[in-house]
Structures are given as structure tokens and as C-alpha cells.
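[1] Below are the sequence and a predicted model; questions follow.
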Amino acid sequence: QKQIDSTIAKSIIPIEKQELLKNVNLIANIRAAGNAYFDQDGFNNFRFQMEQFRLEFKGNISKRTFFRFRDRYTRPATSESVDNISRSTDLAFVEFQMKKDSEFWYMSIGKMCADWGGYEFDANPIDIYQYTDFIDAADNFLTGIGTRFTLSKNHSLSFQVLNTRTKTFEELYPNDTAFIQQSKAPLAYIANWRGSMFDGKLQTIWSYSLFNEAKNYYINYASIGVQVTPSNKFRVQFDYKWCSEQIDREGIVSNYITDGANYDDRVAQGTVYNSYWTRLDFRVVPKVNLFFVGFIDQGNWNKADVYYDNAESKQKIYTGYCYIPGVEFLPSKDLNLKIFVSYVGHDYRFTDFAKSTLNKTNYSNNRFTFGIITPLVFL
Amino acid sequence: QKQIDSTIAKSIIPIEKQELLKNVNLIANIRAAGNAYFDQDGFNNFRFQMEQFRLEFKGNISKRTFFRFRDRYTRPATSESVDNISRSTDLAFVEFQMKKDSEFWYMSIGKMCADWGGYEFDANPIDIYQYTDFIDAADNFLTGIGTRFTLSKNHSLSFQVLNTRTKTFEELYPNDTAFIQQSKAPLAYIANWRGSMFDGKLQTIWSYSLFNEAKNYYINYASIGVQVTPSNKFRVQFDYKWCSEQIDREGIVSNYITDGANYDDRVAQGTVYNSYWTRLDFRVVPKVNLFFVGFIDQGNWNKADVYYDNAESKQKIYTGYCYIPGVEFLPSKDLNLKIFVSYVGHDYRFTDFAKSTLNKTNYSNNRFTFGIITPLVFL
Amino acid sequence: QKQIDSTIAKSIIPIEKQELLKNVNLIANIRAAGNAYFDQDGFNNFRFQMEQFRLEFKGNISKRTFFRFRDRYTRPATSESVDNISRSTDLAFVEFQMKKDSEFWYMSIGKMCADWGGYEFDANPIDIYQYTDFIDAADNFLTGIGTRFTLSKNHSLSFQVLNTRTKTFEELYPNDTAFIQQSKAPLAYIANWRGSMFDGKLQTIWSYSLFNEAKNYYINYASIGVQVTPSNKFRVQFDYKWCSEQIDREGIVSNYITDGANYDDRVAQGTVYNSYWTRLDFRVVPKVNLFFVGFIDQGNWNKADVYYDNAESKQKIYTGYCYIPGVEFLPSKDLNLKIFVSYVGHDYRFTDFAKSTLNKTNYSNNRFTFGIITPLVFL
């Protein structure tokens, strides 16, 4: 009898496939919404949008090899000039455990998420109602190598060396090629610390990055994220991001100076961005989560005085204010599904200099939004 | 002994994965053919074509959650301006059972098939030899929300509110933006009835849709599909479609008026399309299916008299005749595979007005075609 | 007791899914590298690149039906004008066993690899450090039908009829449409022999192809690949490829003649390409493989004398020399993973005619490269 039963049991999927199936996940990361847009003059447009749709495979291919692949269906599929892989592909990397049965040291290679700090950036994109201008404009998925050390159960450090961008210097700065020399090794160097203290009630994701954007042109970026979870009903996240760009990689300020009299088609130099972001979650009952997201983006142009006599030496250009109150319903126990209703208020306020000299006017880009968020697990 | 055996049985794939595997399907919808093209002057070109290649995942993610995703590899992958998701993606929606253990009420959100009536539209695209002009030109996959009621085992009703298009007004009607005001909520409203009578021998898919294409410009679309299955060897399908467009969304007539003397680059207004479609299937023996598809497309321009004195108030522009006799072989019992040989005759006949005033001449686009049709199930 | 156990065993994945799972593979073909580029003037640029990322599904869908699909994330997803399927899709074909339980005869339809001879072309693209100019410029994945005969355990023959290209004549030869008439059936005919002799120590992949590129314009292509495996530590592969093109489909020579005084914007006629390629592998120990790849590409323009008096009747244009020494480490027993370090030297030398009359100068495109190669099996 034992023979028969074990034969039945053995006749099915071969052992290696069973192991793979156990460990591999196929996920459709979805955020679908109905959006009513309002600008400074009132209601503007209603439409349904697939805000996020990213298909993901991940899992342990062998005991010491982890793989992750994520591809968007909301971006053109291309072949990028620097790293050769499609812009639609967020992640395509392999990570190796460097010592057998030890979680101390890992190395990875491929297209990966730049390991920047902050809880906004660390969230699954489907959970974001509105990215800060800074993260929205950044190139977040870059190709290269990374290493990660688990110092203890509560602390880990990571280091990455990545291409500084996915497009060439000529593509990003077409009007500067005559003035600025390219870097021969345009790389980004990223260090990150993830900490957990007081039984996980205080957590941190901090990072510092240096980008070599062109010969003698660097970008310094620091981000500090803190998460406090005083009780299992309440959670506070706060990020501070600071970025100083000898050449304006983000392009936010460059975009705002084009209406000035002295604009010369070149990308701005000496821009500095500050971003303050917070998210509060209050889980009233297991099926209802109240949240509030608020952030302030601030852009400066330190070399404005080269072009304009009336500019200060550290000229502020604009401040963006965003406030997002909302409620998320979690109807299901077996499915990670959120139904949300929220309002996104987003105001752009320009400084007097930007108004008078760069001809900017304040504007708003608000929306009332409802929909679903789910990382649907197929397998 | 029981211990041992059940351990073996338990050691394999975890219960949740087993459940998922049971319910999830991965399908490659394929239609590959060799096509010899003939126009009015005779043989023109032979080539092999992957007429359809659509990869599909679908299944029940949880007891009350169904998901379906289908993506074409025969369309550019882009990010569409209105709904943000790739034009190559046909389907990406989640459907929820609203009441536990009840099949009465379902709701869905995402990019879905507009629930239009008619058996032509209801068929898997791999089974279509030639779409009617009307369906060929339509935007069939739209983003929004839908609801569905199973009234009884034999009757169901569905309602959808979808974006009216995937591209913006400016993109579709670039020469009309100075004359026509956009709609602030450009939505399509779709109602559908699916019925089954006389033990399923008579079935119906009827629908009515209203599109708000621009401010004060609407499109009305009705389609009526009937299927009669007198015996298990014989099946008749018939569709009638009627569409009245205050602004010519389909663009078929607009495309034919460009050679007229008074053409002003704007999209035609007041177009009306009629389409009559039938498919007959006769399963001679289980492995052989004889079929005939025939359809008539008819396009009118009700505002032709605004531009041309010699036009009637309801001016017919063209009639398209298509006839497709063929045979399908079904060689396999375990695989849904059809090998087909067929001739597609497609003649376009213009009215005297279109010939004399719009300089159109009759033409044909015929082909002899052979190949395979299969929805290949991987998993 | 038996009842209980067999119930457990039966409750899991249904039989059909078990069968499918056994036979289906999901593979991420990856080649990721850091590349330091050097030209004739020295170090030029360093960057990380996802050199290859091709996702693949393959398997037996039923006992007599095999399917294979492979798609690149390093190419734009488009809809090609001739065969309708995306340029990013390498493979999308179905293969049928024509006689039950017999491995003698197979037929396939879809987009497939042109069954060209040679071991360079036969290798998984992730194992190639640098393709010869000839293979690099060729359209290797074409749509059509194929047939394959297993003559014996050691010998097989295959024949294919494929579209000669994925783009139209107008797209590929825009400046020749006024001079050359298109072919009405632009097809490629390919014959291939795969042999194995002396217990597999001597193996061959030979092929001959004829392309009908335009009316009265043909391309003849022969390739001869030989593999000798004297011991399980040592392997030698050698390919010879010859291609004579009445119209320069490859475009390599056409690209080099644009700087000549008499260039008329048309594609070159009468080009002949020769390519000699070899790869030596020496598996020092199971975890270390030393290899050397070397190849010579040679391009001629037989109709140069129509344009230039100083040209020979069979004018040589350039010779490319490539030499690739390197080492591959295979750290894992359960995973097909190679870590490589290599130098790719690639020199282009022009003939005196090309230098003086076509204004070409010799150049180099070298690189130092390190990274990983793995066909990661998900499932």
C-alpha cells in the first residue's frame, strides 16, 4: 500500500519544479483609478487611468540565487542607449548569497532600484498617490552592481555602483555638449543604511549618493527616512531629501527658467532641491485605514545671478505644496486589496523673482481620486 | 505509514500555490498564416504573417477575485495619453464577486473589452478571418468600471462606464480643436444583454452605447447579435451593427473624403455606419468544419450637402462586400488547434457621388490564406 | 488509509496541470556586464549594460505539440510591417510531431530562428561576447514554415520557407524603389544539415540559403560549422560563412561607401562577405573554463568598378579582426551560471581603395568586459 501511495505522490511534478514553485512569485502590481482633475480655475477633466501596472516575477532560483524582474505596461518599451535595456523594465537583477548558509553578504548585478533612502521611495509604487517632484523627475532604475551586508538582525548597509543614467549625455543635455565635456565613467555611487530600533518601533532608511554627471560636474544627494510605529494602529513616516546639482539633472528648475529673457537653451547649473514628505496611517479598524500624506518640494537656482542682476546668490524659484487626505478600505482577508477614496491637492507657488523675471504664475494640479490598489499574486 | 505518506504529500507545493495553479491559466493566443494578396489587378504579394499573437494570464486569485491580462505582440508598446496603459495591452482588469457565494453581482475595474454586442466582436480575435471595417476601426479596449448581473442561468445584463477613447481629443482630431470644444468628461456608457433561450439553441448578445466624444457631440451605437444552433453540427450567427456619429470617430468616411475639392482637413460630421455580418459553421465530421463568413459594411455622410451641392441629405459613400468560404481541420483531441484554408474576398464599391465628386475608384483587397489557429494553454 | 492518502494526493493540482508543469519552462536569458570601451585613441567610456535579456517560455503543450516563445527587453516593441509581429520577439512558433510516437518528421509555423549553420549562430545569444559583423547585421528571426527530419540518431535535415525580411522593400531600400522592382513573393529558402560522427566527437551544422530580395535580385548564403570535442576538457568550434548579395541586404559595405565621391544614395550591389570564426574552450577544472574566440570578417564590393575607375572588378573593402581571450568561472552546481572576465579586441582595417577613394580610416572598437551569463530557469 505504501508503494501505491508514494507512487501517486511521486508521479506529480518533479521535485525541482516543486522547489521552484514554492519560491517563485508572479505578481501584477495594479493601481487603477477614476480621476477628476481640477486646476486653479476649477474642474477640468475626468478620466479613468491605469496609474500603475507592473508585472513582476521574483524568487529564489537556487538556494543562493535570487532573481527579480519587473516590467511596466505604462511606459514605452525601448532599448535605452546607455544600458541597452528597455525603459519599461524597472528591475532585472540577480542577487547572490556570497557565503553558504549565511545572510551576511549579498551581491547583485543587473538593472536595479537605486537604493535611495526614504519611505516614499521605498514604498511599492502602487501605494503612492502622488510622488514628490523630486522622485517623479529622477531616474530611479539604473544598471550596475550592488552589495549588501546584514550587520545584525536590525541593521544593514548597502553600496551600489550604477550607471548615472539610462540615456546618454547628448540625449539629456543636447544644448550643453559644446560647453561641457562628458565623463568617461559616468557612474553613481550610493550608500544606504537601514536600521531598526526599539523592537522595530523606530526604523530608518538613510542614504547618500554621488553622481558623476559630466567631467567636473557632480550631483550630491542625501535622503533621510524615519518611520515610527507607536502602536499597531498608528504609523508615522517622515523623509527629508536634499539634492545639490552642479548641472540640473532633474530638470525641474531648468523647465521653469525657459520663459526668462536671458534663457540660453542650456540646462541650469547650481540647482538645489529640498523635499519634506510625511505619511500618517491610522488603522481605525482592521478593514479601514485613514491616511494623510503631505509634502513640500522646493527648488532653487544658485547660479541665477549669472544671468539676472536682480537674482540673489541662492535664488529660490518655487515651492510645491501637496496634501492628500484619504481613506483606504481593505475588504478581504485573503487578498491584499485596498479600495481608496482621496483628494490630492497640489499647489505650485513661485517666488517674486520667478514671477517677475521668469514670467511664472502660480498654478494647481488637484484631483479627486478613487480606485483600487493591489499587488495581485498569480502564483 | 500514514504519517510517511502524508508527509510526502505535504512536502510538495504549499496549499495556497496549489489553489492558484488550479485556477490560473497562461495562454498564447496564436493565429499564424501564409497570405497571398490579390487586388483588383491580380496577384500582388505573398507573405507569412503572425496575424494574432496575444499572451494572456487569467484566473481566480481568490474565491471572489478574478483577474485577466492580455497583451499583444503585434502592436507597439506605448503609454497612451488618456488611460496611461500600453496600446498593446487589451485587457488588464480585476473583477470582484460582490456577494459571497452568489453569482448575481460582479464589478470590475481596469482596462477591459467594451462589452459590445454581436458574435463577431465576442469571438476570440484568433478566430476572425477579417474584421468588418467598423470593428477594425473601433477602439475596442477601454479603461473604466463595469458591473454585471446574472439575472438567471440564461440571462445577464452588464453596464460599463469607460473612457470614450485611449488618445486625447487633440491627438484624434487635430484639425478640429479650433472649432469643437472638448468634453470635460469624455465617457462611454455601454449596456449589454446576453440571453439564452430554447436550451441554448437561440442565443443573443445585444448592446447599446452612448459616447460623449466632445462637448455636444455624441455617438450612438447599437449592435444586435443572434446565434442559432439547430443541431450540434450546424451553427448560424448573425450581427447587425448601426452607428451614428456626430463626429466621425471611426474615420472611415473621413478618410474617403480627402480627395474631394471642398475638403477642409476637418473630420467628417454626421456619419452613419451600418454593418451586416454572418457566420455559418457546418461540422461535417468532428475533425472537419466548413464555414462561410459574409459581411456588408456601409458608410454614409449625412452632412455631405454642407460641402457639396450635388450631395443628398443622407449621402451614401461606399459599400464593402466581404465573403469568406473556408474549411478548418481539427486534428487533435487534446489540443484546441485548427488548421485552415480559406479565401477572403473583399470589394469596396463607391457611390456615384463618391466616384465623381470625391474621386474614389472601386478596389479590392482579397487574399488566399492558410495557417493555424490555437489558444495554446501553457499552464 | 489508502483512501485518505490518495485523497490528499488527488486534492492537489489537477493531472493536466501537472503534465504541463513538468514540460513547460520559463527562462530569463541574461547577460549583464560592466564594459570599459577603448577605441584607437585609448579609453573612451565605462558603463554597465544588460547585454542580453530575453524572456522565454517553451515546452510541450501536448504530446505532439511543442511551443517556444522568446522576447527581448533590449529592443523596441513594435509591429513589423511584413510579418506583423514585434521586432522584440525572437521566437513565437508551434512545432508539431507529424507522426504519432515517431521522431522522424516535424513541422513548424510562426516566427522562428532561420536555421542557419555554424556554431556561432547556434549558441544561446547570452554566450556570445561579440557577434561577427555578418551575424550582427543579419535579420535572424523570420516568419514562415519549417520542416525537420530526423534521419537517424546522428543526422537530421531541415528545410524552411520564410519571409526574406521583417520590413518592406521600401523601408530597407528607400533610394532603390525607383530602380528595382519588388518581388511579389520575397521569400527565403533554407536547407540545413546537422550531423554527429565518431560518438559525437565530430559534429556539424551546415546550411545553404537562397533569398529572393527583389525581382531578379538574389542572395546566396552558405555556412559551414564544425565542432570537434577531442576530450571532455577541450572543444574546438569553427565556422566558415560566405554570402553573395546581388543587393547589399547586410548593408555593411553600403555603409562604408557613403563617403565616396560617386556615392548615389543607392544600396550597393554585388557585395560578397566572408567570415571565419573559431572558439576554443578548455575546461581546466570543472569550475574554470578558459576560452578564446577569434574571427575575421571580410567585405567586398564587386560592382565598385561601375562607380570608380581605380576599383578592381572584385574590390575588397575592409577586413575586421576580432580576438577574445577570456576566462569563465562556474561557481554553482545547481545553477547554470558563468562569471566572466574577458578582453574583446576588434580592429577594422580598410583596403587602400577604401582609404583613398572612400575616405575610410582604420579604427578599433575594443572593450574590457566582466559580468555574468545565465539562462535563469524560473519554472
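    Ah, there it is. As the structure is a computational prediction, the values presented were derived from the model and not from experiment.

[2] From now on I want contacts and neighbour counts done on CA atoms only, so please keep to that.
    OK.

[3] Poorly predicted segments of chain A, please.
    Within chain A, the ranges that satisfy pLDDT under 70 run A:1-13, A:15.

[4] can you list the residues of it near chain C?
    A:1, A:5, A:8-9, A:12-14, A:17, A:20-21, A:24, A:59, A:61-62, A:77-80, A:82-86, A:89, A:109-111, A:143-144, A:162-163, A:183-187 (C-alpha under 8 Å from any C-alpha of the partner chain).

[5] So the closest residue to chain C within the stretch 251-379 of chain A, which state does it fall into?
    Closest residue of the stretch 251-379 of chain A to chain C, C-alpha to the nearest C-alpha: A:Leu379 (11.3 Å). Following DSSP: H, G, I helix; E, B strand; the rest coil, we place A:Leu379 in the coil state.

[6] do A:Glu120 as well
    Criterion first, three-state DSSP; result for A:Glu120: helix.

[7] what's around it, how many residues?
    Applying other C-alpha atoms under 10 Å in any protein chain shown, we find 23 residues neighbouring A:Glu120.

[8] measure it to chain C for me?
    Using C-alpha to the nearest C-alpha, to the nearest Å, we find A:Glu120 at a distance of 27 Å from chain C.

[9] doesn't A:Tyr308 make contact with A:Asn302?
    No: in this structure, A:Asn302 is not within contact of A:Tyr308 by C-alpha atoms under 8 Å, at 11.4 Å.

[10] And the two? Which one has more around it.
    Using other C-alpha under 10 Å as the criterion, A:Asn302 and A:Tyr308 rank with A:Asn302 on top: 22 against 15.

[11] Chain neighbours aside, what residue packs nearest to the more buried one?
    A:Lys314 (4.3 Å; C-alpha to C-alpha, 6 or more residues apart in numbering or on different chains).

[12] Please apply the same query to A:Arg70.
    A:Arg70 sits nearest to A:Glu56 (C-alpha to C-alpha, 6+ apart), 4.2 Å away.

[13] who touches that neighbour in this structure?
    A:Asn25, A:Leu26, A:Ile27, A:Ala28, A:Asn29, A:Arg68, A:Phe69, A:Arg70, A:Asp71 (C-alpha atoms under 8 Å, 6 or more residues apart in numbering or on different chains).

[14] What is the burial count for the last one?
    The local packing count at A:Asp71 equals 22, with neighbours defined by other C-alpha under 10 Å.

[15] Then A:Ser207?
    23.

[16] Outside of the host helix or strand of A:Ser342 itself, list whatever touches it.
    For A:Ser342, the host element (DSSP states H and E) is strand A:338-350. Residues from elsewhere that reach strand A:338-350 (C-alpha under 8 Å, 6+ apart): A:129-130, A:317-331, A:360-374.

[17] so what does the helix or strand A:Ile324 falls within touch, helix or strand wise?
    Per DSSP H and E: A:Ile324 is located in strand A:315-329. Packing partners of strand A:315-329 (3 or more C-alpha pairs under 8 Å, 6 or more residues apart in numbering or on different chains; DSSP states H and E): strand A:288-301, strand A:338-350, helix A:352-357.
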